[in-house]
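*Asks:* model the following, please.
(2 chains)
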Amino acid sequence: MFKNISVIDLSTGIAGPYSTKILSDLGANVIKVEPPEGDITRISKPFFNAADNVNQSIKFAFLNTNKKSITLDLFTPSGASLAEDLIRAIKPHLIVENYGPGVLEKSGLNFEIIQSINGFTSLISISNFGSTGPYRNYKAREINVQAISGLMSITGEPDAQPLIAGADIAQLNGGQIAALSCLTYIYKSILTSVGTHADISLMEANMDLLENWMLGQFQGELMPRRGKQHQSSFPSEVYPCADGYVSVNASPAPWSEMAELMEDTNLDLEEYYDRSSRPKYRDQIEPLMTKWLDKNKKKEIFHGAQKRRLAFSYIANARDLLESDQLIDRNFFSNIGVNTHPGTPFKIASTVTDNKEAPGLGEHNQEIYENLLGIPQNDIRSLAEKRVI
Amino acid sequence: MTSLPLAGIRIIDLTRIWAGPRATKLLVDMGAQVIKIEHLNHADRAKPNPTTESSQRKMNRATPFEQKHRNKISFSLDLSLDEGKSVFRDLVSISDVVIENFSAGVMDRLGLGHDNLKKIKPDVITVSMPGFGNSGPWKDYVAYGVTQEQITGLYELTGYKGGLPMKTGTNVGDPMNATHAAIATLSAIVQRLQNGQGEYVDFSQYESFSTLMFESIMNYAANGILSERKGNESNHQSPHDTYQCKGTDEWVTIAISNEEEWESLCDVIGKADVAKNTNYSSQQSRHDHREYLNDVISRFTKSKTKYEVMTLLQACGVPCTAVLNTKDLLVDEHVKDRNFIEHLEHPDGETHKYYFGSTWREKGPVTKAVRSPAPLLGEHNGYICTELLGVPNDKLDVLTKLGLFATFSDSQRF
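*Replies:* Next comes the predicted model:
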């Protein structure tokens, strides 16, 4: 159903490719247009096989499933006109790019030209700071975006340095927002045949992750870095256990379930039952709890608690996810090529089941340039010699 | 004024807390009509006291509820009564999407699961987003805000080197799952445009966030390597850290990924000799000597404000940003220049100071993302019953007397 939807994807890195992966995994025809040296992520660590790092990047393999790859250097004399031919032939609903403000335009291609070729094509421009404003040309990597959008100021211990989140949160979140804009303009384009130029700023997309906490700040308070400091309810925090860490949360079930879970009648005192006065008894309750937690393993604690409707969780690592009976039961993982991939964030009927591995660099040059655009083989060879493709 | 891109889509929103309401916030901002259904006794917000309109408005303003419910309309409807279910079904018959984040099975027990709704509206899209999905051995498990980053491995990888695992300050699990849920909803809408079919989206927040942990999952699956907490260090860049600046708790981040940036950095901090030193000429060697080099950089950054350091380094092409805190964000010149923070005058005449604008924008003149404030409980009951559903007045009186649409001002009576 998404087969009728085509995308020319000029983006590289993480945010742009994640947005178009969401579309290609739904069956959209995504043509990834790479510079002749390839998307930088192709050589990004970690690799599947440390000894051979050509086309072995784990990030690239995940972010580019079900796409086709062609090479094209837009910034050569014939680059932009070749891109225009591609737009004419593919008639894409979307063109996605992340060159940075004003850079695409330097190639000779811009939204007005795209519109004159195909009125219904939208241009999704992703950049670190958006296309306007004093920081628009600033350079930024993952940590720089997490910093300037406010995320780092509240992550970490109060008396130590601000801390980055342990995954590429800023870029992936930007990619999610870009995907949402892609779908918005696909919808609009199908209904009205009108294309739109969208301006996505990773900084704004990431500031927006703070929405739940900003109202107090709007009233002049500063949200501190709180580290693992607990909140007003007790117990509601992370404790070590026999083989790792668990998060203890004595709700929504009544307190008596905690005492039964931990098989300790000393915990089953009436004064501990009331949630609001319980923090007063922290010094009595905590040693009893930690004594039991120290003897038990994280998954047993988690399942035992959840069976009593106590919202515990445990601190999982990648192995725990791959072994999770819940994820396995719901067929979350799939094998694409020889590698195991986590599944899509959701499944609908359009979700691709015959997944294709991320393409090799220029794997579809012949299919697109020769078969679709009808460029003679000799001309393709000469374009390749000039490093246009 | 041109209409917003998602104008014409109607979404019935039963979600609560954060992930669900944010998913529909992302869609309402782009023009979908979102009808938030709450019941007096189970409202997704605290009860104001007294219950006058102005106190309700004030209470909204002081809570995160406002931020996530701007532009939405509110319908207070008691789904536990048969009459309430009947009104709900009528509303479904003229809507496109029903979205909820109750525990697994709640909608089925109410007789309002997808199969039942399909009988009323054959092409309805139902999005169900419990913590762990609607099937599998964990389907009845309870998950709260921070659970997702704990149980999917982000928490394990966040923290100082050799220290304890840590949460992200904002609990990214909720808002990022929200965006995936909004994407799922809109994907089903686009799919329906093409094939005319409705869809049941069994959205597991556990799966949604696990997808984002792809790098560590695939690295373990392929290589048996479990990633470790490494503070602010990076696989790709060195130097890569936060550096203290003038003032209390003031910092910048710097991330160097090639020799050119390294030389520029050394130039700006007046250490051309360090740039020439071949001991530090590769990513790996800089990583190996990071303690010394971080010290050299800090000596420079400590003498300047974070904004001064950012401006100086960016002028020379070095990726450096200030660590902005929640106060800085409100006065930052870039944020201001892009009008990302908006103000809105409420119907009671008071201006609510700040909202975040749209999470993305269209090129051209800036339009406001915030069109109306978060609704009062049941503020749009009349519009929904009379204009949308055409409930005759006499029937409306009967239903109202039952307490079907009770709002805060009725809280003494029902």
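*Asks:* show me the helices in the stretch 151-300 of chain B, by range?
*Replies:* B:154-157, B:173-195, B:205-212, B:214-223, B:259-268, B:272-276, B:283-288, B:290-301 (DSSP state H, counting those that start in this stretch).
*Asks:* what is the orientation angle of the third one with helix B:173-195?
*Replies:* Counting by axes from the mean of the first three to the mean of the last three Cα atoms, to 10 degrees, helix B:205-212 lies at 90 degrees to helix B:173-195.
*Asks:* returning to what we had before: of the helices of the stretch 151-300 of chain B, which approaches B:T407 most closely?
*Replies:* Evaluated over these, closeness to B:T407 peaks at helix B:173-195, with 26.7 Å, by Cβ to Cβ. Glycine gets a C-beta too; all of them are placed from N, C-alpha and C.
*Asks:* ok so, going back, out of the helices of the stretch 151-300 of chain B, nearest to chain A?
*Replies:* For the helices of the stretch 151-300 of chain B, the distance to chain A is smallest for helix B:154-157, at 2.8 Å, taking Cβ to the nearest Cβ.
*Asks:* what's that closest one in contact with?
*Replies:* A:165-167, A:169, A:238, A:315-317, B:146, B:149, B:165-168, B:172-173, B:209, B:212-213, B:216, B:227-229 (Cβ atoms under 8 Å, 6 or more residues apart in numbering or on different chains).
*Asks:* care to break chain A down by domain?
*Replies:* Residue ranges for the domains of chain A, per automatic domain parsing: A:2-210+A:333-385, A:236-323.
*Asks:* okay, these, which one's buried deepest?
*Replies:* domain A:2-210+A:333-385 (a mean of 21; mean count of other Cβ atoms under 10 Å in any protein chain shown).
*Asks:* now do the end-to-end distance for that one.
*Replies:* 36 Å (Cα to Cα, to the nearest Å).
*Asks:* state the mean pLDDT of it.
*Replies:* For domain A:2-210+A:333-385, mean pLDDT rounds to 95.
*Asks:* what ranges do the helices span in the stretch 101-250 of chain A?
*Replies:* A:103-106, A:111-117, A:142-148, A:169-192, A:202-207, A:214-218.
*Asks:* equivalent analysis for the stretch 1-150 of chain B, please.
*Replies:* Using DSSP H, counting those that start in this stretch, helices in the stretch 1-150 of chain B cover B:19-28, B:53-61, B:64-69, B:82-93, B:106-109, B:114-120, B:147-151.
*Asks:* coming back round to it: of the domains of chain A, which is nearest chain B?
*Replies:* Taking the domains of chain A one by one with Cβ to the nearest Cβ, domain A:2-210+A:333-385 is closest: 2.7 Å.
*Asks:* gap between stretch A:137-147 and the chain center?
*Replies:* 16 Å (Cα atoms, centre = their mean, to the nearest Å).
*Asks:* ok, stretch A:152-163 next?
*Replies:* With Cα atoms, centre = their mean, you get 23 Å for stretch A:152-163.
*Asks:* can you lay out the helices of the stretch 101-250 of chain A as JSON lines showing distance to A:T351?
*Replies:* Formatted as JSON lines, these follow (distance: least, Cβ to Cβ, whole Å):
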{"stretch": "helix A:103-106", "distance to A:T351": "31"}
{"stretch": "helix A:111-117", "distance to A:T351": "29"}
{"stretch": "helix A:142-148", "distance to A:T351": "28"}
{"stretch": "helix A:169-192", "distance to A:T351": "14"}
{"stretch": "helix A:202-207", "distance to A:T351": "24"}
{"stretch": "helix A:214-218", "distance to A:T351": "35"}
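*Asks:* and of the ones you listed, who's closest to B:Y307?
*Replies:* The nearest among the helices of the stretch 101-250 of chain A, by Cβ to Cβ, is helix A:142-148 at 10.9 Å.
*Asks:* hmm, the closest one in reach of chain B?
*Replies:* Yes. Using Cβ under 8 Å from any Cβ of the partner chain, helix A:142-148 comes into contact with chain B via A:142-148.
*Asks:* contacts for that helix next, please.
*Replies:* A:128, A:135, A:140, A:152-153, A:162, A:164-165, A:168-171, A:174, A:202-203, A:206, B:232, B:234, B:237, B:240, B:242, B:251-253, B:255, B:319-324.
*Asks:* just those residues: which are in strands?
*Replies:* Of the contacts of helix A:142-148, the ones assigned to strands by DSSP state E are B:240, B:242, B:251-253, B:255, B:320-322.
*Asks:* and these near chain A, which?
*Replies:* Within the ones in strands among the contacts of helix A:142-148, those near chain A by Cβ under 8 Å from any Cβ are B:240, B:242, B:251-253, B:255, B:320-322.
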